[in-house]
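Colleague: what's the 3D shape of this:
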Amino acid sequence: MNCEGLDISILGPAFLARLLVLSTHVPLGQEVLRREIIFLDLAVAQIASLSVIIAYSFGWEAGGWQIQLIAMSAALLGADCSIGVESAGRMRKKQS
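Modeller: As a prediction, the model looks like this:
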């Protein structure tokens with residue numbers, strides 16, 4: 001491994017910025033989990049974008065209608081799964 005590219009003048013500020021982001025995101029993430037807040041729209045968007053990345057890696061055309069159909073199908077499937085998980089969680093809370 002060549003360590004010549006590890007310049008502290010570039011990596012130092014990036015490392016400090018990483019620590020700053022980490023120090024703010026961990027407490028906020030813990031608060032979100034404590035309140036049981038789920039950002040469903042973000043989760044569905046991530047599922048759709050992941051399906052586009054997977055389809056593109058299989059060589060499908062980036063702007064084709066097939067990609068749009070795959071993204072929409074994945075988003076609907078992800079939303080349906082999250083609704084199922086949420087209702088199952090509610091049923092468990094009622095039983096407790």
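Colleague: Any figure for the gap between residue 91 and residue 84?
Modeller: 11 Å (CB to CB, to the nearest Å). Where C-beta positions appear, they are placed from N, C-alpha and C, glycine not excepted.
Colleague: cool, residue 42 as well?
Modeller: Taken as CB to CB, the span from residue 42 to residue 84 is 18 Å.
Colleague: just checking, residue 49 touches residue 71?
Modeller: Yes: applying CB atoms under 8 Å as the test, residue 49 and residue 71 come out as touching, 7.5 Å apart.
Colleague: and the two? which has more neighbours close in?
Modeller: Neighbour comparison, residue 49 and residue 71: the larger count goes to residue 71, with 18 against 13 (by other CB atoms under 10 Å).
Colleague: for that one, what are its contacts?
Modeller: 48-49, 51-52 (CB atoms under 8 Å, 6 or more residues apart in numbering).
Colleague: who touches the residue nearest to it when sequence neighbours are not counted in this structure?
Modeller: Once flanking residues are discounted, residue 71 sits nearest to residue 48: 4.4 Å by CB to CB, 6 or more residues apart in numbering. Shown in contact with residue 48 (CB under 8 Å, 6+ apart): 71-72, 74-75, 78.
Colleague: Just the ones of these in helices?
Modeller: Mapping these onto helices (DSSP state H) picks out 71-72, 74-75, 78.
Colleague: Just the buried residues out of those residues, in PyMOL syntax.
Modeller: What follows is the PyMOL syntax for the buried subset of the ones in helices among the contacts of residue 48, where burial is set by 16 or more other CB atoms under 10 Å:
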select buried, resi 71+74+75+78
